[in-house]
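S.K.: Build me a model from this:
(chains A and B)
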Amino acid sequence: MSLAQHQLKLVVNQSPEVLERVLRVVRHRGYKIDQLNWQHEDGELILTVSSQRALHLLTNQLAKLVDVKDVTELNMMQTSKSA
Amino acid sequence: MRGADLLVSYLKQEGITTVFGYPGGAIMPVYDALYDGGLKHVLCRHEQGAAFSALGYARASGKVGVCIATSGPGATNLITGLADAYMDSVPIVAITGQVTSAVIGTDAFQEMDVLGLSLACTKHSFMVTDKDELANVLQQAFTVAKSGRPGPVLVDIPKDIQLAEVEAALTISTKDPITQYDDERLEAAKQLLANAKQPILYVGGGVGMANAVDELQGFVDATGIPSVTTLKGIGAIPNSKPYALGMLGMHGTKAANLCVHECDLLVVIGARFDDRVTGRLESFASNARVLHIDIDPAEINKLRQSDVSLCGDLKDILPALTTTLSIHEWQQYCRDLKVQYNWNYDAPYRSIYAPKLLNQLSEKLPSNAVVSCDVGQHQMWVAQHMNFTRPENHLSSSGLGTMGFGLPAAIGARHARGRQDPVVVVSGDGSFMMNVQELGTIKREQLNVKIVLIDNQRLGMVRQWQQLFFEERYSETILTDNPDFVTLASAFNIQARTITMQADVAPALDEMINSNGAFLLHVRINEADNVWPLVPPGASNADMMEKV
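M.R.: Numbers count the residues shown, from 1 in each chain, chains lettered A, B, ... in the order given. Alright, predicted model coming up:
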């Protein structure tokens, strides 16, 4: 199965628990976090995630969160093979 | 005014008249405000009961249900109810007390990170950290609960904020629900409909939640498309409509499953391809194109790729799609299957056959009756053998499948609906014991709730699966040591009787329906009775088992 890696930019409300909300959805919906960059002052979160599942299954769930204002896919970085 | 008083006055401003809850240390200021605050508070006997009562209230009325609990164990006891409301998209607002702000994070007495616990089982949640934000948070909580795809919202309020003098400023804006369709998409959808020779409507709970039952029925009457419903969609299209084929899925009707299997266009309306509906997903309506209509963009293309999707309010979309079709041959085919596989209650039963009893009960109840059921075999028999003309009259824990739902949800429905609407619980001997303490709420409030307790002295649905799929190894499903349910009812001043023979059914149902106040009808049935038909796990819906 191919494991696609994607970079996402999220603009979020600066509530104290917003990171937990986002990370919980990412894990529960079947994606692994490879990298993250969080700028609290800007409410901006850059996530690199990978999964065998299609990306829209994650972005649609993230966009539903009340504290998430915007989700953009920055680029599809690479495709690797795993067992 | 104190934060607690602001809460009570805000609830009244939202049109809330009844709340369900249980007091405790960290919520005491709110209970002080409730003491003479002009809201009806129903003391449930467990916080899970309060959550399910709020849920039943919301489902039976279309309004937001409110439950209240203290910090720590009070709040954790709400969690199952919130999860149930989340899975079934029911708008409830849960208010929890929290320990005083200064000691949050110190493992104070009855402190628990409820915001953390809420993340997976609510649509959204808040902890109020600024006393002057309380009003804003409450307004946002109700807006989120009701808007778009509805769901549960939790508001955790530290005790010091309940006691603080607060401002009542309201300045919040919330995200608008996403609408993703335009004239071009509508045209494409109409084209799919026009080209279909064998279309089926797959109707889910979204229709009732969108208050779009009339719009759906208008669409059905105009197009004549045969329909199937999910468990939560029951009532959106009455079974009396000629091409209404009943529930589909694991315990659906044979006609519903076969017609879906053979359709060339599946019109999905407020439904989400749940695994109990689809059976093996790859073989579900595998030759059909899909038109998916839903308020939640995350449901589109989640499990099944759609050919055209319309994301928005069903109340607007369904009238815009209404058209006439020429599908007489297909209609006749579906109708023939409906007749061929219709339920049959003609066998000469001596002992009580629950499906027949439930069908008799359905015929005796007026169409405005609310039936709240628990989870298990009896739940499927209610779905199969009782008739509903509105989704808000059939309360059933669908997505989460929570035993213990029925009794407290009925208590909520009793408060939501006028005296002229009968409220009936159909439970099993397993489920009933899960929230049996709510008989205390019925006694305290003198509620006219009728209870039909179907007793096979088993955890019947698990027993059925053990029989079919686990070599009859009946692990922990035999309940021959059940309490005496009639004595149990009498401890709560509830009239009760037991019946064991089919001949007793009609007079006992009449006695129950005509009784004043609460009544428990204890119905003994044979433990070997199973729910049929059944799609075995991993099978296609076209391969239904009909006997052992």
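S.K.: how far out from the middle of the chain is the helix ranked longest in chain A?
M.R.: Taking residue count as the measure and DSSP state H as the definition, the longest helix of chain A comes out as helix A:18-28. Centroid separation between helix A:18-28 and its chain, computed with CA atoms, centre = their mean, to the nearest Å, is 8 Å.
S.K.: And stretch A:31-50, by the same measure?
M.R.: In this view, stretch A:31-50 has its centroid 7 Å away from the chain centroid, taken as CA atoms, centre = their mean.
S.K.: Next one: it, is it in contact with chain B?
M.R.: No. Using CB under 8 Å from any CB of the partner chain, stretch A:31-50 stays clear of chain B, coming no nearer than 14.3 Å. Backbone N, C-alpha and C define where each C-beta goes, glycine included.
S.K.: Other residues contacting that stretch?
M.R.: Judged by CB atoms under 8 Å, 6 or more residues apart in numbering or on different chains, the contacts made with stretch A:31-50 from elsewhere in the structure are A:3-14, A:18-19, A:22-23, A:26-27, A:51, A:53, A:58, A:69, A:74, A:77.
S.K.: any idea of the mean pLDDT in that stretch?
M.R.: Stretch A:31-50 carries an average pLDDT of 95.
S.K.: Start and end of that stretch, how far apart?
M.R.: As for stretch A:31-50, its first-to-last residue distance stands at 6 Å under the measure CA to CA, to the nearest Å.
S.K.: can you pull the buried residues of that stretch?
M.R.: Using 16 or more other CB atoms under 10 Å in any protein chain shown as the burial criterion, the residues of stretch A:31-50 that qualify are A:Tyr31, A:Leu36, A:Gly43, A:Leu45, A:Leu47, A:Thr48, A:Val49, A:Ser50.
S.K.: Please apply the same query to stretch B:31-47.
M.R.: Buried-residue list, stretch B:31-47, by 16+ other CB under 10 Å: B:Tyr31, B:Asp32, B:Ala33, B:Leu34, B:Gly37, B:Leu39, B:His41, B:Val42, B:Cys44, B:Arg45, B:His46, B:Glu47.
S.K.: Give me the subset of those residues lying in strands.
M.R.: Using DSSP state E, B:His41, B:Val42 are the members of those that sit in strands.
S.K.: Can you tell me which of the buried residues of stretch B:31-47 is nearest chain A?
M.R.: Checking the buried residues of stretch B:31-47 against chain A by CB to the nearest CB gives B:Glu47 as the nearest, at 22.3 Å.
S.K.: got a list of what that closest one touches?
M.R.: For B:Glu47, the contacting residues are B:Gly21, B:Tyr22, B:Cys67, B:Ala69, B:Pro73, B:Gly74, B:Ala75, B:Asn77, B:Leu78, B:Gly81, taking CB under 8 Å, 6+ apart as the criterion.
S.K.: Filter the contacts of stretch A:31-50 down to the ones in helices?
M.R.: Secondary-structure check on the contacts of stretch A:31-50 using DSSP H: residues within helices are A:Val18, A:Leu19, A:Val22, A:Leu23, A:Val26, A:Arg27, A:Leu58.
S.K.: so where's the chain uncertain?
M.R.: You didn't pick a chain, so chain A it is. Chain A contains residues with pLDDT under 70 at A:1, A:76-83.
S.K.: nope, chain B please
M.R.: Applying pLDDT under 70 to chain B flags residues B:169-178.
S.K.: Pull up the residues of it that are close to chain A.
M.R.: Taking CB under 8 Å from any CB as the criterion, chain B approaches chain A at residues B:115-116, B:119-120, B:123-124, B:127, B:129, B:144, B:174-175, B:178, B:296-298, B:300-302.
S.K.: Can you say which of the residues you listed are buried?
M.R.: Those of the residues of chain B next to chain A that meet the buried threshold are B:115, B:119, B:123-124, B:127, B:144, B:175, B:296-298, B:300-302, by 16+ other CB under 10 Å.
S.K.: What about chain B: which of the contacts of stretch A:31-50 touch it?
M.R.: Filtering the contacts of stretch A:31-50 for proximity to chain B by CB under 8 Å from any CB leaves A:Lys69.
S.K.: helix, strand or coil for B:Leu134?
M.R.: When the structure is split into helix, strand and coil by DSSP: H, G, I helix; E, B strand; the rest coil, B:Leu134 lands in helix.
S.K.: unless I'm mixing things up, it is touching B:Leu7, no?
M.R.: Yes. Under the criterion of CB atoms under 8 Å, B:Leu134 is in contact with B:Leu7, at a separation of 7.3 Å.
S.K.: Select from the residues of chain B next to chain A every entry located in helices.
M.R.: B:Leu115, B:Gly116, B:Val144.
S.K.: show me the contacts for the second one.
M.R.: Taking CB under 8 Å, 6+ apart as the criterion, B:Gly116 is in contact with A:Glu17, A:Glu20.
S.K.: okay, how far is it across stretch A:36-50, tip to tip?
M.R.: Start to finish, the residues bounding stretch A:36-50 are 12 Å apart (CA to CA).
S.K.: do the same with stretch B:187-206
M.R.: Across stretch B:187-206, the straight-line distance between its terminal residues is 22 Å, by CA to CA.
S.K.: Also stretch B:246-265?
M.R.: Stretch B:246-265 has an end-to-end distance of 18 Å (CA to CA).
S.K.: follow-up on the earlier one: show me the two of the buried ones among the residues of chain B next to chain A that sit farthest apart.
M.R.: Distance extremes for these: the farthest pair is B:Met127 and B:Asn301 at 34.3 Å, using CB to CB.
S.K.: Quick one: the strands in the stretch 151-300 of chain B, in order.
M.R.: B:153-158, B:199-203, B:227-229, B:244-247, B:265-269, B:289-294 (DSSP state E, counting those that start in this stretch).
S.K.: now chain A
M.R.: Taking DSSP E as the criterion, chain A contains strands spanning A:2-12, A:32-39, A:44-51, A:68-81.
S.K.: can you pull the contacts of B:Leu97?
M.R.: Actually, residue B:97 is Gly. It isn't Leu. In this structure, B:Gly97 makes contact with B:24-28, B:30, B:69-71, B:74-75, B:156-159, B:162, judged by CB under 8 Å, 6+ apart.
S.K.: would it count as being in a helix?
M.R.: No. Counting by three-state DSSP, B:Gly97 is not part of a helix but strand.
S.K.: Across the sheet, point out what pairs with it.
M.R.: B:Ile157 (DSSP bridges).
S.K.: and it, how far is that from chain A?
M.R.: Taking CB to the nearest CB, to the nearest Å as the criterion, B:Gly97 is separated from chain A by 19 Å.
S.K.: measure that residue to B:Gly116 for me?
M.R.: 16 Å (CB to CB, to the nearest Å).
S.K.: Contacts only, for the closest residue to B:Ala164 other than its chain neighbours.
M.R.: Leaving aside its sequence neighbours, B:Ala164 sits nearest to B:Lys131 (CB to CB, 6 or more residues apart in numbering or on different chains; 4.2 Å). In this structure, B:Lys131 makes contact with B:Gly3, B:Asp160, B:Ile161, B:Ala164, B:Glu165, B:Val166, B:Glu167, judged by CB under 8 Å, 6+ apart.
S.K.: was I right about the second one contacting B:Thr100?
M.R.: Yes. Between B:Asp160 and B:Thr100 there is a contact at 4.6 Å, judged by CB under 8 Å.
S.K.: domain parsing for chain B?
M.R.: The record assigns chain B these domain ranges, following automatic domain parsing: B:3-163, B:183-340, B:354-524.
S.K.: Just put those in JSON lines and tack on distance to B:Val548.
M.R.: Formatted as JSON lines, the entries for the domains of chain B read as follows, by distance: least, CB to CB, whole Å:
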{"stretch": "domain B:3-163", "distance to B:Val548": "31"}
{"stretch": "domain B:183-340", "distance to B:Val548": "15"}
{"stretch": "domain B:354-524", "distance to B:Val548": "7"}
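S.K.: closest point of the stretch 251-400 of chain B to chain A, which residue?
M.R.: Of all residues in the stretch 251-400 of chain B, the one sitting closest to chain A is B:Ala298 (3.8 Å; CB to the nearest CB).
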